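Participant: need a structure here:
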Amino acid sequence: MSKIILKSIDSSMTYTKYRFLIKELLDRKESTAKNGSLSLYNYSLLNDKRMDRLDKKALLSNGILLTLKQLKQKQTWLVITEGWCGDAAQNLPYINKIAEYTDKIDLRIVLRDQHLDLMDQFLTDGNQAIPKLIALDENNNTLFTWGPRPSKATKMVHAFKKEHGKLTDEFKKDLQVWYNKNKGENLYQDFIELLA
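Facilitator: Presented below is the predicted three-dimensional model:
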């Protein structure tokens, strides 16, 4: 697996380059999806606006700031994502804020559909769920993984799927409302625990 991780890191991009790529694709009426569907383009367009807003307005919590100040070990955070993914749009800006705050974290991004060999090593409940963050030490050993969403949102999704069998469009809208109200607090709490 370390060869897959090394290959993925070598072909990864920064958050800034990822954001630029999404905008460049949207200018051509495209998305990161290989199949070029209109719905995934529309999701990408919406997500780009969400990320623009969060890039400007997201603030780090006092708890995560304190945790980051105590961080001693350098880490690479390799995130598997796609531009059309709603959970990624709501979480990546916060993850980027964390990485920007400290020189101990190097945030790198790869697209899932171009790195299926990596994705298949880090499935969530047997699925290729994104975003998926893999935290690596300086020797590229896995320290922890996170994703595809904060712990409270994960519980909401599991409970809804258990009761209804699958996620509905209405639930997905409700989840986006939850993200907007939560303002990254649950994500920060997850990372405080993971970095402790």
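Participant: C-alpha only now, for contacts and for neighbours.
Facilitator: Fine.
Participant: How much space separates residue 138 from residue 77?
Facilitator: Going from residue 138 to residue 77 by CA to CA, to the nearest Å gives 11 Å.
Participant: With neighbour numbers in mind, choose between these two.
Facilitator: residue 77 (26 against 10; other CA atoms under 10 Å).
Participant: Next up, the contacts around the residue nearest the centre of the chain.
Facilitator: Taking CA atoms, centre = their mean as the criterion, residue 131 is the residue nearest the geometric centre of the chain, at 3.7 Å. By CA atoms under 8 Å, 6 or more residues apart in numbering, the residues touching residue 131 are 79-82, 85, 87-88, 147-149.
Participant: mind listing the strands for the protein?
Facilitator: For the chain, the strands defined by DSSP state E occupy 75-81, 105-111, 132-136, 142-146.
Participant: Could you check the angle the second one makes with strand 132-136?
Facilitator: Angle, strand 105-111 to strand 132-136, by axes from the mean of the first three to the mean of the last three CA atoms, to 10 degrees: 140 degrees.
Participant: Convert the C-alpha atoms of strand 105-111 to CSV, please.
Facilitator: Taking C-alpha atoms only, strand 105-111 is exported to CSV below (Å, rounded to 0.1, in the frame of the first residue of the first chain):
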residue,chain,number,x,y,z
ILE,A,105,0.4,19.7,8.3
ASP,A,106,0.9,19.5,4.6
LEU,A,107,-2.6,19.2,2.9
ARG,A,108,-2.6,17.3,-0.4
ILE,A,109,-5.6,16.5,-2.6
VAL,A,110,-6.3,13.8,-5.2
LEU,A,111,-9.4,13.1,-7.2
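Participant: which other helices and strands contact that strand?
Facilitator: helix 15-27, strand 75-81, helix 86-101 (3 or more CA pairs under 8 Å, 6 or more residues apart in numbering; DSSP states H and E).
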